[in-house]
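Colleague: Sequence and predicted structure below; questions after.
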Amino acid sequence: MRMPDPDANTIARRARIARDLKRIVPGEGVIVDEDQLRAYECDGLSAYRQPPLIVVLPSTTEQVSKVLRYCHENGVRIVPRGAGTSLSGGALPLADAVTLGLGKFNRILDIDLENRCVVAQPGVTNLAVTHAVQDQGFYYAPDPSSQIACSIGGNVAENAGGVHCLKYGLTTNNLLGVELVLMTGEVIRLGGKHLDAGDYDLMGVVTGSEGLLGVITEVTVRILRAPETARAVLMGFPDSESAGDTVAAIIAEGIIPAGLEMMDKPAIHAAEDFVHADYPLDVEALLICELDGPDAEVAHLIERVEAIAKRNRVQTLRVSASDEERALFWAGRKAAFPAVGRISPDYYCMDGTIPRHALPTVLHRMTEMSRQYGLRVANVFHAGDGNLHPLILFDANTPDELERAERFGADILRLCVEVGGVLTGEHGVGVEKRDLMGEMFSEIDLAQQQRMKCAFDPGQFLNPGKVFPTLHRCAELGRMHISGGTVPFPDIPRF
Amino acid sequence: MTQSYRPDTAQQVLDLMTWAVSEKTPLDLRGHATKAALGRPTNTSHALDLSGLSGIIDYAPNELVLTARAGTPVATIQAQLDEAGQMLAFEPPDLRPLLGRPDGPDDPGGTLGGLVSCNLAGPRRLSAGAARDHVLGIHGVTGRAEAIKSGGRVVKNVTGFDLSKLMTGAFGTLMALTELSVKVVPRPEKTRTILVLGTGEQAAMEVMSHAMRSPHEVSGAAFLPEPVAARSGVALVRDPGRAVVALRVEGPAPSVAWRCEALRNELGGWGPTEELHSANSAALWREVRDARLVAEPPEAQIWRLSVPPMTGAAVVRALEHNAPGALLAWQYDWAGGLVWLAVAPTPHAHAAAVRRAVDHHGGGHATLIRADRDVRAHVAVFHPQPPALAALTRRVKESFDPAGILSPGRMGEGR
């Protein structure tokens, strides 16, 4: 993975930059010690590592603003970091960049049940938002698997999803407002406690911008009343087609489950061995369908889902009879990644999204690729919204296996795009999928996205080397390539 | 006299834009022009009419995604969705009556591109989100005469910056949209509405907040003060002669029946309750959605305020205090978070008083939806931004349209 060339001049100024940053963030907020820096050398994509130049841990918006202004004026690059759980290398440090950690922004500022929202600092974990309101019967809907650790600010930066987003949306659909510090140190607010943020939807662009546009210092999210009841149906099928047909039929009947997840045989077995969720082991595909709402509605919908499954060759079917049993159904799915981690020294998690009807084709082709690359693959799938998580099993200690796993992964993502899908459904582009962006976007598409970057951060100091395969200077991107006077009058119907 | 171009293909849009850029000729972007009176007036000699780019490209109900050319009539899309038992969850309003346009069956009634460009959403915005939450991907031509795309045709996608959202609510000032993919959802099996009669304004905010905090999944929460309720075409709303809180419940039949009963039990202490069934319920929410009940008299100027829901009534009270006698009528949607105001017409449209009321009660924004052209030319139609944000907004505009040829001035000076 090629990263932007480190600026030797910045590296040479390291001691001085650290001293200046200590004036802005006194006490323990500036880390220069090499052993301590190592704790920041990677995020959830641990195949890539690079100790940062310096780590700075501000605790107020004013400090963030001053750090950014200082770095802007002194030409120092910045890598923003939340909890460091990114699976795409979004928070991978650079040798010549200050990693700006938001870990000290860990307070919930306002719980406003009347307006059904929570105002939190960005370092608060996703799950802590729910914990802050659950005794009042509320919760925060987006629930990425890393929710115990991942930060709400990082969720905004990555537009995090989770198993509930089929019914309740991604982060972007549950976000009401942000406070954002621009690279110049200017502080802007987008949205608030009101629903329509107004004007250009800059909040929509900032959400999922992977730390390239600004540093988020405050987040306002909407919270929902917890449903009265939630029950899950666990269904085993003789093949993935029957499971896929069941998913399509559930949606076609107008049912939007709270969660609709599929696992293939290798994933089922790995999960069962790990958490003993009592999954059926003689099936090729497993579906977990969760329905939530009032008791009467859930009972009614479960009957309909059972009927649909029976029409589609379901082999085993169980309905959770208690919250404990429902949690057990989910335990296997939620632990699928670590479970696969137990059966293989290493695994590589992909994140493409496909139109659901393409699932059998994609699974079939993936099996072929698995043979071709000589690497096993286990699949967990957000079946309701088409988001696929193939886990490629490999051993980094075996020569060339990491490289083979990466090529296999890239082929899977190309396949996702080929069938009408996209490179990433919820994990982000980061460094991992950066060089595949051309599979989905033209040079012109990418240039326009980079012009957005230029509008926010014309010096390109924020998180360089992420998302875009080639860096163009903003001045070059700004030029218009149209010659005046040579274009003929358009031959288009006029009125 | 405006010269209007009506391309039939995306390639023609690109050709036309290339010409417009090279000639530095500004274009006013439009679909059916049903919302031409929304926003700051533009003053261009040429118009780009995108209604020729019409037709649904792909719609597979099982995928919950519809892709159509930007000029496709919203009515065509809704008819297709209806056939498959689906809908656009954000409940697009029809502002023709409010904006003084004919809304008969022969009128084209607006395009998908126009709807998205104005980011309009109706009562279900409260529970399901706005147009911006349902746009998955776009194709279009920027003011640099470049054809680009963003997003995709799947509901879950974080690949690259989400420029689709940026186009939603940009009023055609960033790009000429040629194709859009939107998320669609199943239409609820059953709909009913609970009415709570005779509450005061602040009590109404509390009733709506209570309902939204209940587990009963309310999908619409509106409050009509007594004089506004009296204009309703629904007898159960009009005839009691009292203010009305309306709460909509949707879903499978047994669930709706149960939730309605629970709501009536929980809210009975605030006032007598009533229940509207299918046709009446739909009629009332159409009135609320399109702000029809505050549209009269036609010379009244109309504001649309997005504020924190519980502050809705306080904003109106503050406005009564700031500009005595200005308010003619008002209604609340989105559990208080959307306030429609009709004010007595003046050249300044009471803009300062309206915006002071919003700014002093938790923030938000106020948009001048209806006023004479002259008024909209001089009063900021969209809520003014603080300097750093305004500068950023200008840079974003320049990145898409450096020559300023796309509907210049529609959203404000220079953009």
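Modeller: Right, received. Where do you want to start? Numbers count the residues shown, from 1 in each chain, chains lettered A, B, ... in the order given.
Colleague: Give me the domain ranges for chain B.
Modeller: B:1-187+B:385-415, B:190-289, B:292-384 (automatic domain parsing).
Colleague: any chance of those in CSV, with mean pLDDT too?
Modeller: Below are the domains of chain B laid out as CSV (pLDDT from 0 to 100):
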stretch, mean pLDDT
domain B:1-187+B:385-415, 95
domain B:190-289, 97
domain B:292-384, 97
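Colleague: What helix or strand is whichever residue of the stretch 251-400 of chain B sits closest to chain A located in?
Modeller: Closest contact between the stretch 251-400 of chain B and chain A, by CB to the nearest CB, is at residue B:255 (3.2 Å). All C-beta spots, glycine's among them, are computed from the backbone N, C-alpha and C. Using DSSP states H and E, residue B:255 falls within helix B:253-267.
Colleague: Also residue A:254?
Modeller: For residue A:254, there is no helix or strand it lies in under DSSP H and E.
Colleague: Close to chain A: what parts of the stretch 201-350 of chain B are there?
Modeller: Contacts of the stretch 201-350 of chain B with chain A, taken as CB under 8 Å from any CB of the partner chain, map to B:209, B:212-217, B:251-252, B:254-255, B:257-259, B:306-310, B:334, B:337-338.
Colleague: ok, of the residues you listed, which come out buried?
Modeller: Neighbour counting with 16 or more other CB atoms under 10 Å in any protein chain shown marks B:209, B:212-217, B:251-252, B:254-255, B:258-259, B:306-310, B:334, B:337-338 as buried within those.
Colleague: In helices, which of the residues you listed fall?
Modeller: Counted as lying in helices by DSSP state H, out of these, are B:209, B:212-213, B:254-255, B:258-259.
Colleague: what two of the residues you listed are the furthest from one another?
Modeller: The most widely separated members of these are B:209 and B:254, with 26.7 Å between them, by CB to CB.
Colleague: Just give me the neighbour total for residue 204.
Modeller: The chain I'm using is chain A. Counted by other CB atoms under 10 Å in any protein chain shown, the residues lying close to residue A:204 total 28.
Colleague: meant chain B actually
Modeller: Residues lying near residue B:204 (other CB under 10 Å) number 27.
Colleague: What of residue A:28?
Modeller: 10.
Colleague: what do you get for residue A:404?
Modeller: The burial count assigned to residue A:404 is 18, neighbours taken as other CB under 10 Å.
Colleague: picking that back up, can the ones in helices among the buried ones among the residues of the stretch 201-350 of chain B next to chain A go into a markdown table with extra columns for distance to residue A:176?
Modeller: Shown next, in a markdown table, are those (distance: CB to CB, whole Å):
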| residue | distance to residue A:176 |
| --- | --- |
| B:209 | 16 |
| B:212 | 14 |
| B:213 | 16 |
| B:254 | 33 |
| B:255 | 28 |
| B:258 | 30 |
| B:259 | 25 |
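Colleague: Pick the one among those closest to residue A:266.
Modeller: Proximity of these to residue A:266 (CB to CB) peaks at residue B:255, which lies at 38.0 Å.
Colleague: quick one: that closest one and residue A:292 touch, right?
Modeller: No. Applying CB atoms under 8 Å, one finds residue B:255 not in contact with residue A:292, separated by 11.4 Å.
Colleague: Spatially, what comes nearest to residue B:113 if we skip its sequence neighbours?
Modeller: Leaving aside its sequence neighbours, residue B:113 sits nearest to residue B:70 (CB to CB, 6 or more residues apart in numbering or on different chains; 3.2 Å).
Colleague: For my notes, confirm residue A:420 occurs in a strand.
Modeller: No. Counting by DSSP: H, G, I helix; E, B strand; the rest coil, residue A:420 is not found in a strand; it is coil.
Colleague: That one: how many residues sit nearby?
Modeller: Applying other CB under 10 Å, we find 18 residues neighbouring residue A:420.
Colleague: Please tell me how far the nearest residue to it once chain neighbours are set aside sits from residue A:262.
Modeller: The shortest distance from residue A:420 to any non-neighbouring residue, by CB to CB, 6+ apart, is to residue A:355 (5.0 Å). Distance of residue A:355 to residue A:262, given as CB to CB, to the nearest Å: 15 Å.
Colleague: Would you point out which residue of chain A is nearest chain B?
Modeller: With CB to the nearest CB, the shortest gap between chain A and chain B falls at residue A:204, namely 2.8 Å.
Colleague: how many other residues sit next to the closest residue to residue A:389 other than its chain neighbours?
Modeller: Leaving out its chain neighbours, the residue that sits closest to residue A:389 by CB to CB, 6+ apart is residue A:380, at 4.8 Å. Look at residue A:380: counted by other CB under 10 Å, it has 29 neighbours.
Colleague: Tell me the strands beside the helix or strand containing residue A:380, with direction?
Modeller: Take DSSP H and E as the rule and residue A:380 turns out to sit in strand A:377-382. Using DSSP bridges, strand A:377-382 pairs in its sheet with strand A:259-264 (antiparallel), strand A:387-394 (antiparallel).
Colleague: Show me the residue at the heart of the chain, geometrically.
Modeller: No chain in the question, so chain A it is. A centroid search over chain A (CA atoms, centre = their mean) returns residue A:427, at 3.0 Å, as the residue closest to the centre.
Colleague: Chain B is the one I meant
Modeller: residue B:120 (2.1 Å).
Colleague: what sits against that residue?
Modeller: Contact partners of residue B:120, counting by CB atoms under 8 Å, 6 or more residues apart in numbering or on different chains, are B:35, B:92-93, B:95, B:131.
Colleague: which one of residue A:355 and residue A:262 has more residues nearby?
Modeller: Neighbour count, other CB under 10 Å: between residue A:355 and residue A:262, residue A:262 has more, with 27 against 21.
Colleague: Show me what that one is bridged to.
Modeller: Under the criterion used (DSSP bridges), residue A:262 bridges to residue A:287, residue A:381.
Colleague: ok, it touching residue A:286?
Modeller: Yes. The pair residue A:262 / residue A:286 is scored as a contact, 6.8 Å apart, by CB under 8 Å.
Colleague: which neighbours do these two share?
Modeller: Shared contacts of residue A:262 and residue A:286 (CB under 8 Å, 6+ apart): residue A:243.
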